[in-house]
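Engineer: can you look at this prediction? I've put the sequence above it.
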Amino acid sequence: MRTQYFKEYSPALGREMEWKVYGHGGRPVLYIPCQDGRFFDFEDFHMTDVWAPWIDAGQVCVFSIDTIDRETWSDTWGNAEYRSQLYENWIRYITDEMVPFIRKMVNEMNGWTGYPGIIAFGCSLGAAHAANLYFRRPDLFDGLLALSGVYSAEYGFGTFMNDLVYQNSPVHYLSNMPYDHPYIQLYNKKKAIICTGQGPWEQPEYTRQLDRILHAKGINVWVDYWGYDCSHDWPWWYKQVTYFVPYLLNV
(Lines give C-alpha, C1' and ligand atoms only; values in the text may rest on other atoms or scores of the structure.)
Protein backbone atom coordinates (compact mmCIF):
# COMPACT_ATOMS: atom_id res chain seq x y z
CA MET A 1 0.00 0.00 0.00
CA ARG A 2 1.43 3.33 -1.03
CA THR A 3 1.58 5.68 1.98
CA GLN A 4 2.60 9.34 2.02
CA TYR A 5 3.00 11.79 4.91
CA PHE A 6 2.49 15.55 4.65
CA LYS A 7 2.98 18.49 6.98
CA GLU A 8 2.14 21.96 5.73
CA TYR A 9 1.23 25.36 7.13
CA SER A 10 -2.48 26.15 7.11
CA PRO A 11 -3.36 29.83 6.55
CA ALA A 12 -6.90 29.19 7.79
CA LEU A 13 -5.66 27.84 11.14
CA GLY A 14 -2.34 29.66 11.45
CA ARG A 15 -0.48 26.47 12.27
CA GLU A 16 1.10 23.44 10.66
CA MET A 17 -1.25 20.55 9.95
CA GLU A 18 -0.39 16.92 9.28
CA TRP A 19 -2.06 14.21 7.22
CA LYS A 20 -1.39 10.91 5.49
CA VAL A 21 -2.48 9.54 2.15
CA TYR A 22 -3.10 5.83 1.56
CA GLY A 23 -3.35 4.60 -2.00
CA HIS A 24 -2.29 5.21 -5.56
CA GLY A 25 -5.53 6.23 -7.24
CA GLY A 26 -9.28 5.86 -7.40
CA ARG A 27 -11.99 7.73 -5.59
CA PRO A 28 -10.86 10.05 -2.76
CA VAL A 29 -12.05 9.35 0.78
CA LEU A 30 -11.56 12.01 3.45
CA TYR A 31 -11.23 10.27 6.82
CA ILE A 32 -11.90 12.37 9.91
CA PRO A 33 -10.74 10.78 13.19
CA CYS A 34 -12.86 10.05 16.23
CA GLN A 35 -13.18 12.63 18.99
CA ASP A 36 -9.80 14.19 19.88
CA GLY A 37 -8.18 11.83 17.39
CA ARG A 38 -5.16 12.28 15.15
CA PHE A 39 -4.39 11.68 11.51
CA PHE A 40 -2.43 8.50 12.32
CA ASP A 41 -5.43 6.82 13.98
CA PHE A 42 -6.63 5.45 10.64
CA GLU A 43 -3.49 3.35 10.57
CA ASP A 44 -2.93 2.79 14.29
CA PHE A 45 -6.47 1.46 14.81
CA HIS A 46 -6.09 -0.81 11.76
CA MET A 47 -8.73 0.82 9.60
CA THR A 48 -6.14 0.57 6.82
CA ASP A 49 -6.57 -3.21 6.95
CA VAL A 50 -10.32 -2.89 6.44
CA TRP A 51 -9.98 -0.50 3.50
CA ALA A 52 -6.97 -2.36 2.03
CA PRO A 53 -8.89 -4.35 -0.63
CA TRP A 54 -10.20 -1.15 -2.22
CA ILE A 55 -7.00 0.84 -1.66
CA ASP A 56 -4.76 -1.86 -3.13
CA ALA A 57 -7.11 -2.27 -6.10
CA GLY A 58 -6.83 1.42 -6.91
CA GLN A 59 -10.52 1.98 -6.22
CA VAL A 60 -10.04 4.47 -3.38
CA CYS A 61 -7.37 6.73 -1.99
CA VAL A 62 -7.79 7.71 1.68
CA PHE A 63 -6.74 11.10 3.04
CA SER A 64 -6.52 10.94 6.84
CA ILE A 65 -6.41 14.37 8.48
CA ASP A 66 -6.17 15.92 11.93
CA THR A 67 -8.98 17.40 13.99
CA ILE A 68 -8.78 20.23 16.50
CA ASP A 69 -11.52 18.75 18.69
CA ARG A 70 -9.64 19.37 21.94
CA GLU A 71 -9.84 23.11 21.26
CA THR A 72 -13.38 23.17 19.90
CA TRP A 73 -16.07 20.54 20.49
CA SER A 74 -14.36 18.86 23.45
CA ASP A 75 -13.36 22.06 25.27
CA THR A 76 -16.80 22.46 26.80
CA TRP A 77 -15.49 24.81 29.51
CA GLY A 78 -13.84 27.11 26.97
CA ASN A 79 -15.23 30.28 25.46
CA ALA A 80 -17.98 29.18 23.09
CA GLU A 81 -17.63 32.18 20.77
CA TYR A 82 -13.93 31.50 20.31
CA ARG A 83 -14.46 27.76 19.90
CA SER A 84 -17.14 28.26 17.24
CA GLN A 85 -14.85 30.54 15.23
CA LEU A 86 -11.94 28.13 15.53
CA TYR A 87 -14.11 25.25 14.35
CA GLU A 88 -15.26 27.29 11.37
CA ASN A 89 -11.60 27.97 10.59
CA TRP A 90 -11.01 24.21 10.59
CA ILE A 91 -13.91 23.75 8.19
CA ARG A 92 -12.34 26.36 5.91
CA TYR A 93 -9.01 24.54 6.21
CA ILE A 94 -10.71 21.49 4.74
CA THR A 95 -12.80 23.20 2.07
CA ASP A 96 -10.23 25.81 0.97
CA GLU A 97 -6.97 23.91 1.46
CA MET A 98 -7.44 20.16 1.71
CA VAL A 99 -10.09 19.80 -0.99
CA PRO A 100 -7.92 21.52 -3.65
CA PHE A 101 -4.96 19.40 -2.51
CA ILE A 102 -7.05 16.23 -2.81
CA ARG A 103 -8.43 17.24 -6.20
CA LYS A 104 -4.95 17.91 -7.61
CA MET A 105 -3.38 14.74 -6.20
CA VAL A 106 -6.24 12.48 -7.29
CA ASN A 107 -6.30 13.96 -10.78
CA GLU A 108 -2.57 13.31 -11.07
CA MET A 109 -2.95 9.77 -9.74
CA ASN A 110 -5.82 9.02 -12.10
CA GLY A 111 -4.08 10.50 -15.12
CA TRP A 112 -6.50 13.44 -15.42
CA THR A 113 -9.23 11.10 -16.67
CA GLY A 114 -11.93 12.80 -14.62
CA TYR A 115 -12.25 13.79 -10.97
CA PRO A 116 -14.46 11.54 -8.82
CA GLY A 117 -16.06 13.34 -5.90
CA ILE A 118 -14.87 13.00 -2.32
CA ILE A 119 -16.52 10.61 0.13
CA ALA A 120 -16.55 12.05 3.66
CA PHE A 121 -16.02 9.28 6.22
CA GLY A 122 -15.88 9.28 10.00
CA CYS A 123 -16.85 7.42 13.15
CA SER A 124 -18.10 8.89 16.43
CA LEU A 125 -17.45 12.67 16.41
CA GLY A 126 -15.63 12.15 13.12
CA ALA A 127 -19.01 11.14 11.69
CA ALA A 128 -20.47 14.43 12.90
CA HIS A 129 -17.75 16.36 11.08
CA ALA A 130 -18.12 14.22 7.95
CA ALA A 131 -21.89 14.70 7.86
CA ASN A 132 -21.53 18.43 8.41
CA LEU A 133 -19.09 18.73 5.51
CA TYR A 134 -21.34 16.67 3.24
CA PHE A 135 -24.56 18.53 4.03
CA ARG A 136 -22.96 21.99 4.08
CA ARG A 137 -20.95 21.54 0.90
CA PRO A 138 -22.56 19.05 -1.48
CA ASP A 139 -20.74 20.93 -4.22
CA LEU A 140 -17.46 19.57 -2.80
CA PHE A 141 -18.44 16.22 -1.27
CA ASP A 142 -20.06 13.50 -3.31
CA GLY A 143 -20.66 10.77 -0.73
CA LEU A 144 -20.95 10.16 3.01
CA LEU A 145 -20.27 7.30 5.40
CA ALA A 146 -21.08 8.42 8.95
CA LEU A 147 -20.92 5.79 11.69
CA SER A 148 -22.10 6.29 15.29
CA GLY A 149 -22.25 10.06 14.95
CA VAL A 150 -23.89 13.00 16.68
CA TYR A 151 -25.50 15.57 14.42
CA SER A 152 -26.41 18.44 16.70
CA ALA A 153 -23.90 21.04 17.86
CA GLU A 154 -25.52 20.82 21.29
CA TYR A 155 -23.16 17.90 21.89
CA GLY A 156 -20.19 20.28 22.04
CA PHE A 157 -21.74 23.70 22.59
CA GLY A 158 -24.72 23.03 24.83
CA THR A 159 -27.38 25.72 24.60
CA PHE A 160 -24.99 28.30 23.12
CA MET A 161 -25.97 29.38 19.62
CA ASN A 162 -24.59 31.84 17.11
CA ASP A 163 -24.38 31.89 13.32
CA LEU A 164 -21.25 29.72 13.27
CA VAL A 165 -22.66 27.06 15.57
CA TYR A 166 -25.90 27.04 13.58
CA GLN A 167 -24.19 26.53 10.23
CA ASN A 168 -22.17 23.62 11.65
CA SER A 169 -25.13 21.80 13.19
CA PRO A 170 -26.92 19.66 10.58
CA VAL A 171 -30.10 19.15 12.60
CA HIS A 172 -30.48 22.91 12.85
CA TYR A 173 -29.73 24.07 9.32
CA LEU A 174 -31.43 21.10 7.64
CA SER A 175 -34.56 21.66 9.75
CA ASN A 176 -34.87 25.16 8.29
CA MET A 177 -33.82 24.30 4.74
CA PRO A 178 -36.60 25.20 2.26
CA TYR A 179 -38.17 22.20 0.54
CA ASP A 180 -37.17 23.63 -2.85
CA HIS A 181 -33.56 24.37 -1.89
CA PRO A 182 -31.22 23.35 -4.74
CA TYR A 183 -29.03 21.42 -2.31
CA ILE A 184 -31.79 18.83 -1.88
CA GLN A 185 -31.52 17.91 -5.56
CA LEU A 186 -27.75 17.63 -5.13
CA TYR A 187 -28.10 15.35 -2.09
CA ASN A 188 -30.49 13.09 -3.96
CA LYS A 189 -28.02 12.54 -6.78
CA LYS A 190 -25.43 11.17 -4.36
CA LYS A 191 -24.99 8.20 -2.03
CA ALA A 192 -24.98 8.88 1.69
CA ILE A 193 -25.06 6.41 4.58
CA ILE A 194 -25.66 7.18 8.24
CA CYS A 195 -25.45 4.20 10.58
CA THR A 196 -25.60 3.69 14.31
CA GLY A 197 -25.68 0.76 16.66
CA GLN A 198 -28.04 0.61 19.62
CA GLY A 199 -25.73 -1.09 22.08
CA PRO A 200 -23.23 0.09 24.71
CA TRP A 201 -21.99 3.68 24.43
CA GLU A 202 -24.03 4.39 21.32
CA GLN A 203 -26.38 7.40 21.16
CA PRO A 204 -28.89 6.46 18.44
CA GLU A 205 -31.19 9.31 19.44
CA TYR A 206 -28.95 11.69 17.48
CA THR A 207 -29.36 9.59 14.36
CA ARG A 208 -33.13 9.29 14.87
CA GLN A 209 -33.40 13.06 15.23
CA LEU A 210 -31.57 13.61 11.94
CA ASP A 211 -33.45 10.75 10.28
CA ARG A 212 -36.79 12.45 10.96
CA ILE A 213 -35.55 15.70 9.44
CA LEU A 214 -34.15 14.02 6.34
CA HIS A 215 -37.41 12.15 5.80
CA ALA A 216 -39.47 15.33 6.22
CA LYS A 217 -37.34 17.21 3.69
CA GLY A 218 -37.33 14.42 1.12
CA ILE A 219 -33.56 13.96 1.39
CA ASN A 220 -32.59 10.43 0.40
CA VAL A 221 -30.05 8.95 2.81
CA TRP A 222 -29.59 5.32 3.77
CA VAL A 223 -30.09 5.49 7.54
CA ASP A 224 -29.38 2.13 9.13
CA TYR A 225 -29.88 1.04 12.74
CA TRP A 226 -27.88 -1.96 13.87
CA GLY A 227 -28.75 -4.14 16.84
CA TYR A 228 -28.51 -3.77 20.59
CA ASP A 229 -25.32 -5.81 20.54
CA CYS A 230 -23.65 -3.23 18.28
CA SER A 231 -21.45 -1.02 20.44
CA HIS A 232 -19.65 2.27 19.90
CA ASP A 233 -16.28 0.71 19.12
CA TRP A 234 -13.85 -0.14 16.35
CA PRO A 235 -14.76 -3.80 15.77
CA TRP A 236 -18.29 -2.78 14.79
CA TRP A 237 -17.06 0.07 12.60
CA TYR A 238 -14.86 -2.42 10.76
CA LYS A 239 -17.94 -4.55 10.04
CA GLN A 240 -19.95 -1.54 8.94
CA VAL A 241 -17.24 -0.32 6.57
CA THR A 242 -17.01 -3.78 5.02
CA TYR A 243 -20.78 -3.85 4.60
CA PHE A 244 -21.37 -0.34 3.23
CA VAL A 245 -18.34 0.55 1.09
CA PRO A 246 -19.26 -1.71 -1.86
CA TYR A 247 -22.55 0.21 -2.13
CA LEU A 248 -20.75 3.56 -2.12
CA LEU A 249 -18.27 2.42 -4.75
CA ASN A 250 -20.71 0.44 -6.90
CA VAL A 251 -18.52 -2.66 -6.61
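Structural biologist: Cool, got the structure. Numbering: from 1, shown residues only.
Engineer: what helix or strand does the nearest residue to V150 once chain neighbours are set aside sit in?
Structural biologist: Counting by C-beta to C-beta, 6 or more residues apart in numbering, V150 lies nearest to Y206, which is 4.4 Å off, once chain neighbours are set aside. Backbone N, C-alpha and C define where each C-beta goes, glycine included. Element membership for Y206, per DSSP states H and E: helix 204-217.
Engineer: direction included, what does the next helix-or-strand element following that helix pair against?
Structural biologist: Secondary structure here is assigned by DSSP H and E; on that basis, the next helix or strand after helix 204-217 toward the C-terminus is strand 222-225. Here strand 222-225 is paired, per DSSP bridges, with strand 191-196 (parallel).
Engineer: any idea of the pLDDT on Y115?
Structural biologist: Each residue has a pLDDT score; the one for Y115 is 78.
Engineer: I figured it was touching V106, is that so?
Structural biologist: Yes - Y115 sits in contact with V106 when judged by C-beta atoms under 8 Å, with a separation of 6.4 Å.
Engineer: the more surrounded of those two?
Structural biologist: Here Y115 and V106 are compared on neighbour count by other C-beta atoms under 10 Å; more neighbours surround V106, at 23 against 15.
Engineer: secondary structure class of the more buried one, three-state.
Structural biologist: For V106, the assignment made with DSSP: H, G, I helix; E, B strand; the rest coil gives helix.
Engineer: so it sits against G114, correct?
Structural biologist: No - under the criterion of C-beta under 8 Å, V106 is not in contact with G114, lying 10.0 Å apart.
Engineer: pull the longest helix from this protein.
Structural biologist: Looking only at the chain and at elements set by DSSP state H, the helix with the highest residue count is helix 234-249.
Engineer: that one vs strand 191-196, what angle?
Structural biologist: Relative orientation of helix 234-249 with respect to strand 191-196: 160 degrees, computed using axes from the mean of the first three to the mean of the last three C-alpha atoms, to 10 degrees.
Engineer: output the contacting helices and strands for helix 234-249.
Structural biologist: Taking 3 or more C-beta pairs under 8 Å, 6 or more residues apart in numbering; DSSP states H and E as contact, the helices and strands that helix 234-249 lies on are helix 47-56, strand 118-123, strand 141-147, strand 191-196, strand 222-225.
Engineer: one more time with 10 Å, if that's ok
Structural biologist: Under the contact criterion of 3 or more C-beta pairs under 10 Å, 6 or more residues apart in numbering; DSSP states H and E, helix 234-249 touches strand 27-32, helix 47-56, strand 60-65, strand 118-123, strand 141-147, strand 191-196, strand 222-225.
Engineer: with distance to T3 and mean neighbour count as added columns, please give the ones you listed in JSON lines.
Structural biologist: Below are those laid out as JSON lines (distance: least, C-beta to C-beta, whole Å; neighbours: other C-beta atoms under 10 Å):
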{"stretch": "strand 27-32", "distance to T3": "13", "mean neighbour count": "26"}
{"stretch": "helix 47-56", "distance to T3": "8", "mean neighbour count": "18"}
{"stretch": "strand 60-65", "distance to T3": "10", "mean neighbour count": "25"}
{"stretch": "strand 118-123", "distance to T3": "17", "mean neighbour count": "28"}
{"stretch": "strand 141-147", "distance to T3": "21", "mean neighbour count": "26"}
{"stretch": "strand 191-196", "distance to T3": "26", "mean neighbour count": "24"}
{"stretch": "strand 222-225", "distance to T3": "30", "mean neighbour count": "16"}
